[in-house]
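# Structure, please.
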Amino acid sequence: MGLSPQSVVLFDAASSAKRFIDILIFVYILLIFIYVLSSWVRLPYSPWLRRIQDFLRDVCEPYLRVFRRLLPSFGPLDLSPVVAVIVLVILRQVVDAIFNSI
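Below is the predicted model of the structure:
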């Protein structure tokens, strides 16, 4: 018993959407890691480095700010990136489970 052409197209679209979401979450986690590392290291002034740091701040801060509001303050220790990455990993697993059930 073969699959109908519509179900093959639907399976291909679901597979592509799952792969896109997985890559998007991976890239966002990578951007958060780069943002955290760049905040630890004092880099020399360069217009290009400044633009990269501004981009990382503009992309990562809105998401991290959500967790900074929810988590209690631990002095100079900021746990929001750790919690944010854990939430993204859990989200990826949930999305994978949803797409695997289709």
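
# C-alpha from now on. contacts and neighbour counts both.
Will do.

# name the helices or strands packed onto the helix or strand where Val89 lies?
Val89 belongs to helix 80-100 when assigned by DSSP states H and E. On a contact count with 3 or more Cα pairs under 8 Å, 6 or more residues apart in numbering; DSSP states H and E, helix 80-100 meets helix 5-40, helix 47-70.

# Can you flag the weakest of those by average pLDDT?
Among these, helix 5-40 carries the lowest mean pLDDT, at a mean of 89.

# Quickly note the distance from the residue nearest the centre of the chain to Val83.
The centroid of the chain falls nearest to Tyr28 when counting by Cα atoms, centre = their mean (3.0 Å). Tyr28 is 14 Å from Val83, where distance means Cα to Cα, to the nearest Å.

# Equivalent analysis for Pro62, please.
Distance, Pro62 to Val83, using Cα to Cα: 14 Å.

# Around Asp54, how many other residues sit close by?
For Asp54, the neighbour count with other Cα atoms under 10 Å is 13.
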